[in-house]
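*Asks:* Compute the structure for the input listed below.
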Amino acid sequence: MSNSEKPFLEIGRLIRNLRISAGFAQHELAEQIGINNSYLSRIENGERRPSPKIMKKMAKVLPTTYEDLVQASGLISDDFTIVPKAGAMAPRKDISKTIQDLKNIVATMEKSPVSPRDPAFDTRARHQRRPVPVYDRIPAGAFDEANVVHDFDNIEQIILTEEEIGYDPKAFALRVRGSSMVNAGILEDDIVIVSPSSHVENGDIAAVGYQGVDITLKKFYCLGEVFVLQPCNPEYPPVTITDPDELSILGKVILVRRKLI
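*Replies:* Residues are numbered from 1 along each chain as shown. Modelled structure (predicted):
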């Protein structure tokens with residue numbers, strides 16, 4: 001579908017970014033505001049403009065205001081201002097400035113992970129929750145500029161806190177297949193959280209690809225010009241790689257989640 005068939009991309013992208021920053025899966029926000037998930041998907045994709053009634057409901061659960069959503073939707077002009085009620089002393093509010101500030105905040109959240117070592121770090125951020133995509137395998141081009149981590153509404157998700165995902169906006173999850181890491185406590189059907197922004201050192205467990213095969217989990221070692229991918233199961237041999245072009249490190253495994261029956 002071309003951009004001409006998606007006339008409301010600005011408001012759609014803003015709503016999606018606000019939803020993710022608030023920790024809602026798409027179906028959760030749809031339930032909160034009383035619409036079906038497919039309709040919310042069309043709004044976020046820019047195919048439909050939300051009605052004022054829907055935007056009022058969104059403003060109650062997302063970190064924004066009704067006026068900001070109306071401005072982004074194009075229902076009012078850029079020079080729209082709010083006139084205070086009679087007798088009120090509050091100054092007029094320039095919505096065009098507010099919506100740009102909001103966009104700048106969301107853009108900053110997307111570009112850099114939150115660090116607990118940052119002097120401005122709010123401990124409440126540790127407990128903020130957001131959805132993370134869960135892959136059975138990594139799609140081709142997953143870490144190109146069009147990062148699939150940002151477009152995961154149609155696949156399985158897991159809701160985690162910022163602390164659990166290492167405050168990494170590009171964090172994703174992999175469902176484990178095979179038994180090569182059992183001695184590291186990583187079993188078949190476990191879900192591992194991978195942080196592309198975390199530095200991988202010798203001995204760390206990482207999600208890696210090599211020779212064009214599907215992604216695998218192994219302990220990573222760099223020994224001079226030789227790379228070694230070490231399983232944690234004596235039944236599996238280590239993999240030695242001498243050509244760095246054959247190796248792709250997707251990120252460090254920072255958490256293992258297991259469903260207990």
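*Asks:* May I ask which helix or strand encompasses Asn17?
*Replies:* Assigning secondary structure by DSSP states H and E places Asn17 in helix 9-22.
*Asks:* Next, the buried residues of that helix.
*Replies:* 10-22 (16 or more other C-beta atoms under 10 Å). C-beta coordinates here come from the backbone N, C-alpha and C atoms, glycine included.
*Asks:* Need the max-distance pair from those residues.
*Replies:* Glu10 and Ala22 (18.7 Å; C-beta to C-beta).
*Asks:* average pLDDT across the helix holding Asn17?
*Replies:* The pLDDT scores in helix 9-22 average 88.
*Asks:* Equivalent analysis for stretch 70-86, please.
*Replies:* Mean pLDDT, stretch 70-86: 54.
*Asks:* Once you drop chain neighbours, what's closest to His27?
*Replies:* Nearest residue to His27 in three dimensions, chain neighbours excluded: Asn37, at 4.7 Å (C-beta to C-beta, 6 or more residues apart in numbering).
*Asks:* If you tally nearby residues, what's the number for the one you found?
*Replies:* Residues lying near Asn37 (other C-beta atoms under 10 Å) number 15.
*Asks:* so what's the nearest residue to Ala22 once chain neighbours are set aside up against?
*Replies:* Using C-beta to C-beta, 6+ apart and skipping the chain neighbours, the partner closest in space to Ala22 is Leu62 (5.5 Å). By C-beta atoms under 8 Å, 6 or more residues apart in numbering, the contact list for Leu62 reads Ile15, Leu18, Arg19, Ala22, Leu29.
*Asks:* between the residues you listed, which is closest to Glu246?
*Replies:* If you rank the contacts of Leu62 by distance to Glu246 using C-beta to C-beta, Arg19 comes first, at 38.7 Å.
*Asks:* Tell me how far the residue lying closest to the closest one once chain neighbours are set aside lies from Leu69.
*Replies:* Nearest residue to Arg19 in three dimensions, chain neighbours excluded: Leu29, at 5.0 Å (C-beta to C-beta, 6+ apart). Look at Leu29 and Leu69: by C-beta to C-beta, to the nearest Å, they are 13 Å apart.
*Asks:* Now the common contact residues for the two.
*Replies:* In contact with both Leu29 and Leu69: Met58, using C-beta under 8 Å, 6+ apart.
*Asks:* in stretch 241-255, what's buried?
*Replies:* For stretch 241-255, by 16+ other C-beta under 10 Å, it's Ile241, Leu247, Ser248, Ile249, Leu250, Gly251, Lys252, Val253, Ile254, Leu255.
*Asks:* Would you mind confirming that the first one is in contact with Ser248?
*Replies:* Read it as Ile241. No. At 10.5 Å, Ile241 does not count as touching Ser248 under the criterion of C-beta atoms under 8 Å.
*Asks:* Now the common contact residues for those two.
*Replies:* Counting by C-beta under 8 Å, 6+ apart, the residues touching both Ile241 and Ser248 are Tyr210.
*Asks:* Quick one: residues contacting Asp190.
*Replies:* Here Asp190 is in contact with Arg175, Val176, Val256, Arg257, Arg258 (C-beta under 8 Å, 6+ apart).
*Asks:* Who's the closest spatial neighbour of the fourth one, skipping the chain neighbours?
*Replies:* Excluding the flanking residues, the one nearest Arg257 by C-beta to C-beta, 6+ apart is Ile191, at 4.5 Å.
*Asks:* check contacts around that neighbour.
*Replies:* The neighbours of Ile191, taking C-beta under 8 Å, 6+ apart as the test, are Val134, Ile158, Ala173, Leu174, Arg175, Val176, Val256, Arg257, Arg258.
*Asks:* The second one: what secondary structure?
*Replies:* Here Ile158 is recorded as strand under DSSP: H, G, I helix; E, B strand; the rest coil.
*Asks:* Do I have it right that it meets Ala173?
*Replies:* Yes. Ile158 is in contact with Ala173 according to C-beta under 8 Å; the separation is 5.5 Å.
*Asks:* Quick check: neighbours shared by the two?
*Replies:* By C-beta under 8 Å, 6+ apart, the residues touching both Ile158 and Ala173 are Val132, Val134, Ile191, Arg257.
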